[in-house]
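Asks: Give the three-dimensional model of this entry:
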Amino acid sequence: MVERLSMTEYRIPERILAAIAAHRQACDDPMAAFFYDLPALEAHGRAMKAALPAGVELYYAIKANSEAAIIDTLAPIVDGLELSSGGEIARACAASTPRPWVLSGPGKLDADMRDAMRRGVEAFHVESLGEVARLQAIAASLGRVQPVLLRINPALPEELTSRLRMAGTATPFGIDEAQLADAVRSVDEAPNLRLVGFHVHAMSHQACERRHQRLLASYLERWPRWRALARHPERVTQLNVGGGIGVNYLHPPGRRPSSQQSSAQFDWPALCDALGWQLEAMSEPPRVRFEIGRFLSAFCGYYAIEVLDTKVSHGEGFLVCRGGTHQFRLPAAQGHDHPVIHLPGDPERAREGERRPWTVVGQLCTPKDVLSRRQSLTGVAVGDLLVLPLAGAYGYNISHADFLCHPRPEQVFVDDSRERAPWGCAEAVR
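Replies: Coordinates of the predicted model:
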């Protein structure tokens, strides 16, 4: 395995290549497995945390990847964890490094809210007036005064949009800004609830830091007005601005784009610098908190699959591989053709082979089982490996793993701090 660069110049760390080779030797059947670079994840998390303005917090939204090794790597770095289910509560509370955590999301079960209070939840992000009433009843039954943040669905300018909108339109998320005064009043009148702030997560897959700067600025402009609605505004100090930072799956982390390539990764330090200036200009700024999932964990993951068959149908070449979208649903969910790195079993044979476009598919009995279309690769043969990078977030954990009853993929967590990830986590966020 010596071919380490694809056409798009993705680089696989040596420790991941070694882990792939060792795992393949242990496999009796053709391989499909995930590999996670934990030292790279740690370095990336520390770089993100270091870029934050003073007083701004970073929480990890574990829905992006809730595997124990991922949480345990990030927990000592981040300020806390954002959870959205009873199952996530159990995983967070089992972490080797205890961290503060919040519970958010629509449709919370009474049992989960009760369990969260008993386990010491820091705060709830309240999604509706009905949830205020249920939370008050549970807090009263436990004799607890529970801090809460009201999630707001604000009106947004049309130019502030993204591929996945969570606010500014009709959604099941949050309380319409027009109803915020009623929601604040209902919390103020609940003897077992205490309003400590507001939560706004308006957009996901944000690709442009300048647009996200404008989005955050729009929240901060309204902050004094929102805060003034409370009976005790001095207690309202937190503004959770959610996450939504996108990953450019078509561009290698840490490399600047050429004129032929798509734009680079989201400029996190630039966003943090702009936010710092905005907060310094405010007389009573809130304590801002990010809850980031994808942009924290995506870069550390690799999905390695073995080529089972090559064929041409109606003039299009197909590489049929072990695995597929039932294990790695991300490309189908995102609607993109994922980058592919070819690891030939015989590099010399591969170099002398034909270069042609291939569509990479899995084993499922559906034409939708496509991981990447028309990838230009040289000398691919049955038994070669293909590696799909940027597989550390919303990859396996959102997949329909039981479809066709194929075995679930192995997940290998590589922890070797002796060498730094070649893509350079600090470079990935500059």
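Asks: Can you report phi and psi for the residue in the chain sticking out farthest from the centre?
Replies: Residue distances from the centre of the chain (C-alpha atoms, centre = their mean) peak at Glu352, which lies 39.3 Å from the mean C-alpha position. Listed backbone geometry of Glu352 is phi -90, psi 0, with angles given as degrees, to the nearest 10.
Asks: distance of it from Asp415?
Replies: Distance of Glu352 to Asp415, given as C-beta to C-beta, to the nearest Å: 38 Å. Every C-beta, even on glycine, is put in place using the N, C-alpha and C of the backbone.
Asks: Am I right that the residue farthest from the centre of the chain is in contact with Gly379?
Replies: Yes: in terms of C-beta atoms under 8 Å, Glu352 counts as a neighbour of Gly379; the distance is 6.6 Å.
Asks: Can you spell out the domain ranges of the protein, please?
Replies: 14-37+299-428, 38-298 (automatic domain parsing).
Asks: a markdown table for the ones you listed, including mean pLDDT?
Replies: Shown next, in a markdown table, are the domains of the chain (pLDDT from 0 to 100):
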| stretch | mean pLDDT |
| --- | --- |
| domain 14-37+299-428 | 89 |
| domain 38-298 | 90 |
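Asks: Extract the CA atoms of the longest strand seen in the chain and return them as PDB.
Replies: For the chain, the strand reaching the highest residue count under DSSP state E is reported as strand 301-313. Extracted as PDB, the C-alpha positions of strand 301-313 are listed here (Å, rounded to 0.1, in the frame of the first residue of the first chain):
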ATOM      1  CA  GLY A 301     -12.500   9.300  10.300                       C
ATOM      2  CA  TYR A 302     -11.700   6.900   7.400                       C
ATOM      3  CA  TYR A 303     -14.000   4.300   5.900                       C
ATOM      4  CA  ALA A 304     -12.000   1.500   4.200                       C
ATOM      5  CA  ILE A 305     -13.700  -0.900   1.800                       C
ATOM      6  CA  GLU A 306     -12.500  -3.700  -0.400                       C
ATOM      7  CA  VAL A 307     -13.300  -4.000  -4.100                       C
ATOM      8  CA  LEU A 308     -15.300  -7.100  -4.800                       C
ATOM      9  CA  ASP A 309     -16.100  -6.700  -8.500                       C
ATOM     10  CA  THR A 310     -15.400  -4.400 -11.500                       C
ATOM     11  CA  LYS A 311     -17.900  -4.100 -14.300                       C
ATOM     12  CA  VAL A 312     -19.100  -1.800 -17.100                       C
ATOM     13  CA  SER A 313     -22.800  -1.200 -17.600                       C
END
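Asks: So which other helices or strands are in contact with it?
Replies: Contacts defined by 3 or more C-beta pairs under 8 Å, 6 or more residues apart in numbering; DSSP states H and E place strand 301-313 against helix 14-26, strand 32-37, strand 316-321, strand 385-388.
Asks: Try it again at 10 Å.
Replies: If contacts are counted by 3 or more C-beta pairs under 10 Å, 6 or more residues apart in numbering; DSSP states H and E, strand 301-313 sits against helix 14-26, strand 32-37, strand 316-321, helix 330-334, strand 341-343, strand 355-361, strand 385-388, strand 410-414.
Asks: Now do that strand against strand 32-37, angle only.
Replies: Here strand 301-313 runs at 150 degrees with respect to strand 32-37, directions being taken by axes from the mean of the first three to the mean of the last three C-alpha atoms, to 10 degrees.
Asks: Can you tell me the strand partners of strand 301-313 and which way each runs?
Replies: On the basis of DSSP bridges, the sheet neighbours of strand 301-313 come out as strand 32-37 (antiparallel), strand 316-321 (antiparallel), strand 385-388 (antiparallel).
Asks: Tell me the helix or strand right after the first one.
Replies: The one in question is strand 32-37. helix 38-51 (DSSP states H and E).
Asks: Tell me the buried residues in that following helix?
Replies: Taking 16 or more other C-beta atoms under 10 Å as the neighbour-count basis, helix 38-51 is seen to contain the buried residues 38-49, 51.
Asks: For those, give me CSV that also has distance to Val307.
Replies: Compiled in CSV, those are given as follows (distance: C-beta to C-beta, whole Å):
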residue, distance to Val307
Leu38, 28
Pro39, 29
Ala40, 26
Leu41, 28
Glu42, 32
Ala43, 32
His44, 30
Gly45, 34
Arg46, 37
Ala47, 35
Met48, 36
Lys49, 40
Ala51, 40
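Asks: all helices for the stretch 51-200 of the chain, in order.
Replies: If you assign secondary structure with DSSP state H, counting those that start in this stretch, the helices in the stretch 51-200 of the chain sit at 68-74, 86-93, 110-118, 129-141, 180-188.
Asks: which helices and strands sit right next to the second one?
Replies: Counting by 3+ C-beta pairs under 10 Å, 6+ apart, the packing neighbours recorded for helix 86-93 are helix 68-74, strand 80-83, strand 101-103, helix 110-118.
Asks: Could you single out the most deeply buried of the helices of the stretch 51-200 of the chain?
Replies: Most buried of the helices of the stretch 51-200 of the chain by mean neighbour count (mean count of other C-beta atoms under 10 Å) is helix 68-74; its value is a mean of 21.
Asks: and it, C-alpha only, in PDB?
Replies: C-alpha atoms of helix 68-74 as PDB (Å, rounded to 0.1, in the frame of the first residue of the first chain):
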ATOM      1  CA  ALA A  68     -17.000   6.200  23.700                       C
ATOM      2  CA  ALA A  69     -13.500   6.700  22.300                       C
ATOM      3  CA  ILE A  70     -14.600   9.900  20.500                       C
ATOM      4  CA  ILE A  71     -16.300  11.300  23.600                       C
ATOM      5  CA  ASP A  72     -13.400  10.400  25.800                       C
ATOM      6  CA  THR A  73     -10.900  12.100  23.500                       C
ATOM      7  CA  LEU A  74     -12.800  15.300  23.300                       C
END
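Asks: Understood, closing this out.
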